[in-house]
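Student: I'll drop the sequence and a predicted model, then ask my questions.
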Amino acid sequence: MGAVPAETSVHQNNHNTHPKYRPDIDGLRAIAVLSVVCFHAFPNWIKGGFIGVDIFFVISGYLISTIIIDSLKRNAFSFTEFYSRRIRRIFPALLIVLTASFVFGWFALLASEYMQLGKHIAGGAGFVSNLVLWEESGYFDYASDTKPLLHLWSLGIEEQFYIAWPLLLWLFWKQGWNLVLVTTSIAIISFALNVANVIVDQVAVFYSPQSRFWELLAGSIMASTALRDQNAQMQSGYKPHPLMLEVGRGRSFEIPCVMNKNVQSVLGATLIVLGLSVITERDYFPGTWAALPTAGAILIITAGPQAWLNQAVLSNRILVWIGLISFPLYLWHWPILVFGRIVEGATPSLQFRIAAVVASIVLAGLTYKLIEKPIRLRKSDKAAFTLFVLMILIGGTGYITYRSEGLGFRNSKLEQVLLQFEWDKTYNSTKECKARYPGPGRQYCIATDINANPTIALIGDSHANHFFPGLSEYFKRKGENLLNVGAGACPPFLEVDRGEHPDYRTLNCYKRTKSIYDYVKNDKNIKTVILVFHHSEYFRNDVQFIDMLSQINYADNYDNSLAALVRTIRTFEKQGKTVAIIYDMPEIGFDIKRCFPLRPFQTSKVSCSIDDILIDEDFVKYQAMMDIVLKATSAKIFYTHEYFKGNFPINMEGVPTYRDSTHLSIAGSMFFADKYSF
């Protein structure tokens, strides 16, 4: 989240003077940060709480641009002083939270988790968390609610804006360009990129600075408009309205508007409340939806501090105080919630989440009073340099932890044994494979021998991908070359797309997989195609089924999936290929790691003896589908469920053959290497 407020009190110096303090903006910050905190702690209470990030983007863009433009106007802008202030403002609290996360993770995280934390510490310290998370994104990746530093993505976007925008403003100013026009033009381009690509690749749009800068630039437009109006008034000799901004004189900014300012601020608040109420994770966000909180924030800020809502509500002492601690509050709340989830192995109790929010507020208050504020007011370049060095050190420590695979020497002997059966992500894809078989956004791409033509293709979602190690070994022994392609949560149905889903962002299965599936269909070297998919994932009617050929349109998704599967098999068979299906493995309903008391703080453990784990999952529809497929096509089926008892999810030796609640471990995948019969 962009909870990085610019200082707003007047400083008597010749450089980078800050506009007069506006308590109502701190109150707006409080609304933003409380929305995000409540969304993370109590997601069913405020489903659109994540839009608080967008409010912060607008605030930050407005305040920072006001500071820069005012300094440029007085010919007093200093890059050194600007970034020194940024460092003293942002680094202290961030350093404390990064360090605390590293220390707690040392005792609470397994090696694979600590490795990921180290990577995110390095990304957070380098302000590129959004780029790191963008690269990681995907269904098969670690769940977002197990990443203690996930929230630093927005800080990365803000800092990237802070790096680029001051230089651009300085150049525009020196060239004498119209700041309102050029800023608006850039914002329109950024917004257009956001809207045009949000359906194509929502993850990229969410994390990309190019498609998020328009929100910060919206704030910058307010600041540059203020300067334009002031210059026009000074040249005409017209006395400005007392509510118009005179940057550097401490007055507040308003865009000239016939609308009553009280109505304007209430309308802005209404847009924000509407966004909090109607926007959900299932929507194509940011897209056009982000315009709601952005417009709401603009209306409130431009209404000025004298508007009734701004004065009576947002300037309330409690909200102002929360606004002042909003940055450390944002930094603290997410790691506390995530570490609670990791230790518990499940969503923490309501009591824990309430306590976590209270603890976050207390820690934020202490951080602000004892660390952030004293360092910020020190006004010392030496302090900024020291903080910069410390940030390099903590970032370097995180990177070393990542490169050292989570400092595995910390682990117990049991964990070291278990890690041998975890999942190596090189079984997902390789750069060499993606370079040889180009396709937009497909997630899995790996071959037994990348230098040889594939003779077998495995296509499907993550439930296909987890069979690859064992399948690869099986076909290698037979002198065949297996190519594994597909995308998480995307069915291996040709010419089919799926729409919104309650648990994942936009999937765009059709665009992600079409080119690679066409390759498999048309390549004469590929003699056999193996299809696998999560057996019940596509039967649910809350998943939107889209047939790109407009041939399949049943009321029930089970019928849609059956028709699509049969059509896919027949299409491959017409190309002279043999088609096989691997019978899907059941979900066990809990994370297999809970069977092993690995964490020092672990408080819950399920009973995991081989006799206790009984799978009672409904495979009736799936089995009926397989029966129809056998009659309607020449496909073969390998029945994995015959081997389940005594071997999965833990075998007789106590080795985990699942790696979570639904996917096989390497050991589980390799179990079938000598069982297949294609």
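Tutor: Structure's in. What do you need?

Student: A strand includes I637, no?
Tutor: Yes - according to DSSP: H, G, I helix; E, B strand; the rest coil, the state of I637 is that of a strand.

Student: hey, what's it bridged with?
Tutor: Beta bridges link I637 to I581, judged by DSSP bridges.

Student: how close does it get to R436?
Tutor: I637 sits 30 Å away from R436, taking CB to CB, to the nearest Å as the criterion. Where C-beta positions appear, they are placed from N, C-alpha and C, glycine not excepted.

Student: ignoring the adjacent residues along the chain, who's closest to the most centrally placed residue in the chain?
Tutor: When CA atoms, centre = their mean is applied to the chain, the residue found nearest the centroid is L133 (6.0 Å). Nearest non-adjacent residue to L133, counting by CB to CB, 6 or more residues apart in numbering: W153, 5.2 Å away.

Student: longest single helix anywhere in the chain?
Tutor: In the chain, assigned by DSSP state H, the helix with the most residues is helix 79-108.

Student: helices of the stretch 351-500 of the chain, start to end?
Tutor: 373-376, 381-403, 413-419, 431-436, 462-465, 468-477 (DSSP state H, counting those that start in this stretch).

Student: quick one: mean pLDDT over the third one.
Tutor: It refers to helix 413-419. For helix 413-419, mean pLDDT is 69.

Student: how about stretch 189-206?
Tutor: 89.

Student: look at I199 and give its secondary structure.
Tutor: Recorded secondary structure, I199: coil (three-state DSSP).

Student: that one against G499, yeah?
Tutor: No - using CB atoms under 8 Å, I199 is not in contact with G499; the gap is 10.1 Å.

Student: hmm, back to that, quick check, the residue nearest to the centre of the chain in contact with S154.
Tutor: No - L133 is beyond contact range of S154, at 10.4 Å (criterion: CB under 8 Å).

Student: spit out the contact partners of G460.
Tutor: G486, P491, P492, L531, V532, F533 (CB atoms under 8 Å, 6 or more residues apart in numbering).

Student: what sits against the third one?
Tutor: The reference is to P492. P492 makes contact with I459, G460, D461, A464, G486, Y517, L531, V532, F533, T568, according to CB under 8 Å, 6+ apart.

Student: so, low pLDDT: which residues of the stretch 151-300 of the chain?
Tutor: Residues of the stretch 151-300 of the chain meeting the criterion pLDDT under 70: 226-259.

Student: okay, helices next: where are they in it?
Tutor: Along the stretch 151-300 of the chain, the stretches classed as helices by DSSP H, counting those that start in this stretch are 153-174, 179-197, 202-207, 213-236, 261-278, 291-303.

Student: mean neighbour count, those helices: which tops it?
Tutor: Scoring the helices of the stretch 151-300 of the chain by mean neighbour count under mean count of other CB atoms under 10 Å gives helix 291-303 as the most buried, with a mean of 26.

Student: so what touches it?
Tutor: 24-25, 28, 51-52, 54-55, 57-59, 62, 215, 218-219, 222, 253-255, 257, 261-262, 264-265, 267-272, 274-275, 279, 307, 309-310, 314.

Student: ok, stretch 353-372 next?
Tutor: 37, 41-42, 89, 92-93, 96, 322, 324-329, 331-333, 336-337, 340, 348.

Student: one more pass at 6 Å, please.
Tutor: A41, P92, A93, I325, P328, L329, W332, H333, I336, L337 (CB atoms under 6 Å, 6 or more residues apart in numbering).

Student: would you mind writing the CA trace of it as PDB?
Tutor: Listed next in PDB are the C-alpha coordinates belonging to stretch 353-372 (Å, rounded to 0.1, in the frame of the first residue of the first chain):
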ATOM      1  CA  ARG A 353      -6.900 -11.100  14.400                       C
ATOM      2  CA  ILE A 354      -8.400  -8.500  16.800                       C
ATOM      3  CA  ALA A 355      -5.300  -8.800  19.000                       C
ATOM      4  CA  ALA A 356      -3.100  -8.500  15.900                       C
ATOM      5  CA  VAL A 357      -4.800  -5.300  14.800                       C
ATOM      6  CA  VAL A 358      -4.400  -3.800  18.300                       C
ATOM      7  CA  ALA A 359      -0.800  -4.900  18.500                       C
ATOM      8  CA  SER A 360      -0.200  -3.300  15.100                       C
ATOM      9  CA  ILE A 361      -1.600   0.000  16.300                       C
ATOM     10  CA  VAL A 362       0.500   0.000  19.400                       C
ATOM     11  CA  LEU A 363       3.700  -0.900  17.500                       C
ATOM     12  CA  ALA A 364       2.900   1.800  14.900                       C
ATOM     13  CA  GLY A 365       2.400   4.400  17.600                       C
ATOM     14  CA  LEU A 366       5.700   3.500  19.300                       C
ATOM     15  CA  THR A 367       7.500   3.300  15.900                       C
ATOM     16  CA  TYR A 368       6.200   6.800  15.000                       C
ATOM     17  CA  LYS A 369       7.000   8.400  18.300                       C
ATOM     18  CA  LEU A 370      10.300   6.800  19.200                       C
ATOM     19  CA  ILE A 371      11.900   6.100  15.800                       C
ATOM     20  CA  GLU A 372      10.300   7.700  12.800                       C
END
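
Student: so for it, mean pLDDT?
Tutor: 97.

Student: off-centre distance for it?
Tutor: Here the centre of stretch 353-372 is set off from its chain's centre by 24 Å, with CA atoms, centre = their mean, to the nearest Å.

Student: do stretch 194-204 as well
Tutor: Relative to its chain's centre, stretch 194-204 lies at 13 Å (CA atoms, centre = their mean).

Student: just stretch 575-595 next, same as before
Tutor: That offset, for stretch 575-595, works out to 27 Å (CA atoms, centre = their mean).

Student: circling back: turn the helices of the stretch 151-300 of the chain into a markdown table, columns for distance to G395.
Tutor: Listed next are the helices of the stretch 151-300 of the chain as a markdown table, based on distance: least, CB to CB, whole Å:
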| stretch | distance to G395 |
| --- | --- |
| helix 153-174 | 13 |
| helix 179-197 | 28 |
| helix 202-207 | 19 |
| helix 213-236 | 24 |
| helix 261-278 | 34 |
| helix 291-303 | 31 |
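
Student: out of the ones you listed, which is closest to I526?
Tutor: Across the helices of the stretch 151-300 of the chain, I526 has its closest neighbour in helix 202-207 (29.6 Å, CB to CB).

Student: what's the closest one packed up against?
Tutor: helix 129-136 (3 or more CB pairs under 6 Å, 6 or more residues apart in numbering; DSSP states H and E).

Student: would you mind pulling the contact partners of the helix it packs on?
Tutor: G123, L152, W153, G156, I157, Y207.

Student: which of the residues in that helix are classified as buried?
Tutor: Neighbour counts over helix 129-136 (16 or more other CB atoms under 10 Å) mark S129, N130, L131, V132, L133, W134, E136 as buried.

Student: quick one, it and helix 153-174 angle?
Tutor: Per axes from the mean of the first three to the mean of the last three CA atoms, to 10 degrees, the angle that helix 129-136 makes with helix 153-174 is 120 degrees.

Student: any idea how far helix 129-136 is from the chain center?
Tutor: Remark: helix 129-136 is offset 8 Å from the chain centroid, using CA atoms, centre = their mean.

Student: point to the helix or strand of the chain where mean pLDDT is at its lowest.
Tutor: Across the helices and strands of the chain, mean pLDDT, DSSP states H and E gives its lowest value to helix 413-419, namely a mean of 69.

Student: show me what the strand or helix carrying G123 is packed up against.
Tutor: According to DSSP states H and E, G123 maps onto helix 111-125. Identification of packing neighbours for helix 111-125 by 3+ CB pairs under 6 Å, 6+ apart yields helix 79-108, helix 381-403.

Student: columns mean neighbour count on top of those, output as a markdown table?
Tutor: Formatted as a markdown table, the helices and strands packed on helix 111-125 follow (neighbours: other CB atoms under 10 Å):
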| stretch | mean neighbour count |
| --- | --- |
| helix 79-108 | 19 |
| helix 381-403 | 16 |
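
Student: out of those, which comes closest to Y658?
Tutor: For Y658, the closest of the helices and strands packed on helix 111-125 is helix 79-108, at 22.3 Å, according to CB to CB.
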